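> no letters, just coordinates:
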């Protein structure tokens with residue numbers, strides 16, 4: 001039987017290098033903690049603000065509902081999820097296919113609008129996830145719970 005991940009009972013870890021790749025920033029794996037607003041860095045505050053504002057605006061949706069708006073919401077969601085899958089995941093992270101730079105950038109724009117982070121950050125994080133999948137240094141380990149593995153790691 002596997003030992004449960006004890007991420008919330010340890011200090012932050014320096015993420016191991018993936019080899020000869022360039023290190024763009026000081027990337028660390030933090031313990032599973034839920035920070036208060038005062039302890040969040042500026043990036044975390046921006047992401048939390050965008051997500052919070054989106055949810056507050058969603059409270060007004062029943063009062064502004066039109067079939068056209070519902071269709072636009074649906075297609076916007078499909079576009080952003082498709083962009084994350086196609087651009088961030090397949091093209092940039094796994095290099096499954098190549099396109100001209102203008103098309104690569106065009107595909108990445110909706111993914112950026114999905115508030116998943118900068119393309120370089122997202123790809124680095126995902127590559128580390130694949131290399132260290134389900135280990136202590138996995139940036140979004142499923143052993144830390146559903147919320148953490150799907151969304152909590154963004155903060």
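Arrived safely, thanks for sending. Since the structure is predicted, the reported quantities are computational estimates derived from the model, not experimental observations.
> residues near residue 41, how many?
Using other CB atoms under 10 Å, residue 41 has 9 neighbouring residues. (Each C-beta comes from the backbone N, C-alpha and C, glycine too.)
> and residue 138, how many neighbours?
When neighbours are counted by other CB under 10 Å, residue 138 comes out with 21.
> ok, for it, nearest residue in space, not its chain neighbours?
With sequence-adjacent residues excluded and distances taken as CB to CB, 6 or more residues apart in numbering, residue 138 is closest to residue 132, at 4.8 Å.
> now residue 45
residue 37 (7.1 Å).
> just say helix, strand or coil for the residue most central in space within the chain.
Centroid-nearest residue in the chain, with CA atoms, centre = their mean: residue 116, separated by 4.0 Å. On the three-state scheme (DSSP: H, G, I helix; E, B strand; the rest coil), residue 116 is labelled coil.
> looking at this, residue 83 is in a helix?
Yes - Residue 83: assigned to a helix according to three-state DSSP.
> tell me how many other residues crowd it.
22.
> isn't it right next to residue 105, touching?
No - proximity of residue 83 to residue 105 does not meet the contact threshold set by CB atoms under 8 Å, at 11.4 Å.
> show me where the protein dips below the pLDDT cut-off.
For the chain, applying pLDDT under 70 flags the ranges 1-35, 136-137, 143-144, 152-155.
> could you show me where the helices are in it, in order?
42-59, 67-83, 101-113, 119-131, 146-150 (DSSP state H).
> show me what the second one is packed against.
Read that as helix 67-83. With contacts defined as 3 or more CB pairs under 8 Å, 6 or more residues apart in numbering; DSSP states H and E, helix 67-83 has these neighbours: helix 101-113.
> just how off-centre is the helix it packs on within its chain?
16 Å (CA atoms, centre = their mean, to the nearest Å).
> buried ones in that helix?
107-108, 110-112 (16 or more other CB atoms under 10 Å).
> could I get these as CSV with distance to residue 46?
Below are the buried residues of helix 101-113 laid out as CSV (distance: CB to CB, whole Å):
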residue, distance to residue 46
107, 23
108, 19
110, 18
111, 17
112, 13
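> show me the two of those residues that sit farthest apart.
107 and 112 (10.4 Å; CB to CB).
> returning to what we had before: nearest to residue 92, of the buried residues of helix 101-113?
residue 108 (7.2 Å).
> neighbours around residue 151, how many?
Look at residue 151: counted by other CB under 10 Å, it has 11 neighbours.
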